[in-house]
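Trainee: Sharing a sequence plus its predicted fold:
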Amino acid sequence: MLIRVEIPIDAPGIDALLRRSFKGNGEADLVKDLREDGLLTLGVVATDDEGQVVGYAAFSPVAVEGEELQWVGLAPLAVDEAYRGQGLAKQLVYEGLDSLNEFGYAAVVTLGEPALYGRFGFVPAAQFDLRCAWPDTEAYFLIHPLADDALNGVSGLVEYHEHFNREF
């Protein structure tokens, strides 16, 4: 198993993984559109011994109250069914967080299961008076500060790119 930053040749494997992992084509189309528009800050893949993509984590820019603060959103996160339960998602997320920290990003937000993402160091964003645009998501909107001062004086609406507003 190899975990690394995605390269262009990985795109078809990422697309296939996302189409297998999620109902419908929403996540695969989202990543394709983000990639085509230059909005993938970071993509991390896990490949098996044959080089097939079996895990993926995407990170793209978000704004807070319209201001760019070097924050990114984690979405989607996918692991091939045959590889689930082996800690691969954790490895993908940690590799992404480490890389983003090295590049000077301040925080990562995600919309996901608190029990899962809590194990990766994410905490409810609402405790910092942060929210996302989608209704009834307060319990699932989470943040992982990377910089010590990431949350100083920051509150309000965290805005994902319009590509995230499609139906999934």
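Mentor: Right, received. Where do you want to start?

Trainee: Next, name the residue at the spatial heart of this structure.
Mentor: With distances taken as C-alpha atoms, centre = their mean, residue 74 lies nearest the centre of the chain, 1.5 Å away.

Trainee: Who are the contact partners of that one?
Mentor: If a contact means C-beta atoms under 8 Å, 6 or more residues apart in numbering, then residue 74 has 57, 58, 59, 93, 96, 108, 109, 110, 112 as its contacts. Every C-beta, even on glycine, is put in place using the N, C-alpha and C of the backbone.

Trainee: Show me the longest helix that occurs in this protein.
Mentor: helix 88-102 (DSSP state H).

Trainee: Return the set of residues that bridge with the residue nearest to the centre of the chain.
Mentor: Using DSSP bridges, the bridge partners assigned to residue 74 are residue 59, residue 110.

Trainee: roughly how far apart are it and residue 50?
Mentor: Distance, residue 74 to residue 50, using C-beta to C-beta, to the nearest Å: 27 Å.

Trainee: Residue 25 now?
Mentor: 25 Å.

Trainee: Next, give phi and psi for the closest residue to residue 156 other than its chain neighbours.
Mentor: Counting by C-beta to C-beta, 6 or more residues apart in numbering, the nearest residue to residue 156 once its immediate chain neighbours are dropped is residue 65, at 4.1 Å. With angles defined as degrees, to the nearest 10, residue 65 sits at phi 50, psi 40.

Trainee: Assess the claim that residue 65 and residue 157 are in contact.
Mentor: Yes: contact criterion C-beta atoms under 8 Å: residue 65 and residue 157 qualify, at 5.8 Å.

Trainee: what about residue 59, neighbour count?
Mentor: Applying other C-beta atoms under 10 Å, we find 24 other residues in the vicinity of residue 59.

Trainee: mind listing what it touches?
Mentor: 40, 41, 42, 43, 44, 72, 73, 74, 96, 100, 108.

Trainee: Would you mind giving those residues as TSV with pLDDT and distance to residue 163 added?
Mentor: As requested, those are arranged in TSV below (pLDDT from 0 to 100; distance: C-beta to C-beta, whole Å):
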residue	pLDDT	distance to residue 163
40	97	11
41	97	13
42	98	16
43	98	15
44	98	19
72	98	14
73	98	11
74	98	15
96	98	19
100	98	20
108	98	18
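
Trainee: Switch these over to JSON lines; also include distance to residue 117.
Mentor: Shown next, in JSON lines, are those (distance: C-beta to C-beta, whole Å):
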{"residue": "40", "distance to residue 117": "20"}
{"residue": "41", "distance to residue 117": "18"}
{"residue": "42", "distance to residue 117": "17"}
{"residue": "43", "distance to residue 117": "18"}
{"residue": "44", "distance to residue 117": "15"}
{"residue": "72", "distance to residue 117": "14"}
{"residue": "73", "distance to residue 117": "12"}
{"residue": "74", "distance to residue 117": "8"}
{"residue": "96", "distance to residue 117": "12"}
{"residue": "100", "distance to residue 117": "15"}
{"residue": "108", "distance to residue 117": "10"}
